[in-house]
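K.L.:
Need coordinates for the following:
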Amino acid sequence: MATTYVLDTSAFIYWMLPGGEMETVPAVYAEVKDERSRIRLELMEGLRVVEPDASYAGRVSEAARGTGDDKRISKADGDLLALALQEKEAGKDVALLTDDYAVQNLARALGIRATALRQKKSRASVVWEKQCTGCGRTFPDGETCPVCGSPLRMKKRPVTRGK
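P.N.:
Predicted coordinates:
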């Protein structure tokens, strides 16, 4: 079975295209701004620009809230993940090409294979949570600790397998 590659903006900027079946979403297509990359993109053959079904976008949003990446991903990132999930569930062998660690983290949480282009691939799944700078308790959101009144800061917690 041939692999379907779902491409993030970095694939077009670095011009690291895998060949074969390639797809992206309209929001990523619109993100390509520099003239050289834009011309290459316009002349590229075989790239499909696909809007994912809204139900998959909802599932990605839910997963992002679960990992705490909801504040770290853009609409384009969410659409990319939704498209990759949609294609995977349609029975395709899918690889998401991105250097974005939040996207890689969410892909892992959704069971989607992600491949880094120029950056090192993220190695572990994480969950983002708010931790009190005073008492050390963690909370899903907020700016101030409801227990001691100290400020809350974002902290990543590695996810262990099986949890």
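K.L.:
Verify the stated contact: residue 134 with residue 149.
P.N.:
Yes: the criterion here is Cβ atoms under 8 Å, and residue 134 meets it with residue 149 at 7.4 Å. Yep, even glycine has a C-beta here, placed from its N, CA and C like the rest.
K.L.:
Check which residues of the strand or helix carrying residue 82 are buried.
P.N.:
Element membership of residue 82, judged by DSSP states H and E, is helix 75-89. For helix 75-89, the neighbour count (16 or more other Cβ atoms under 10 Å) marks 76-88 as buried.
K.L.:
wait, which of those residues is closest to residue 23?
P.N.:
Nearest to residue 23, judged by Cβ to Cβ, of those is residue 83 at 6.3 Å.
K.L.:
which residue packs closest to that closest one, ignoring adjacent ones?
P.N.:
Computed as Cβ to Cβ, 6 or more residues apart in numbering, the closest residue to residue 83 that is not its neighbour in sequence is residue 52, at 4.2 Å.
K.L.:
Number of residues surrounding that neighbour?
P.N.:
Residues near residue 52, counting by other Cβ atoms under 10 Å, number 22.
K.L.:
need the buried residues of helix 75-89 in a markdown table with pLDDT and distance to residue 12, can you?
P.N.:
Output for the buried residues of helix 75-89, formatted as a markdown table (pLDDT from 0 to 100; distance: Cβ to Cβ, whole Å):
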| residue | pLDDT | distance to residue 12 |
| --- | --- | --- |
| 76 | 93 | 12 |
| 77 | 94 | 15 |
| 78 | 95 | 18 |
| 79 | 96 | 15 |
| 80 | 96 | 13 |
| 81 | 97 | 18 |
| 82 | 97 | 19 |
| 83 | 98 | 15 |
| 84 | 97 | 17 |
| 85 | 97 | 21 |
| 86 | 97 | 21 |
| 87 | 97 | 19 |
| 88 | 96 | 22 |
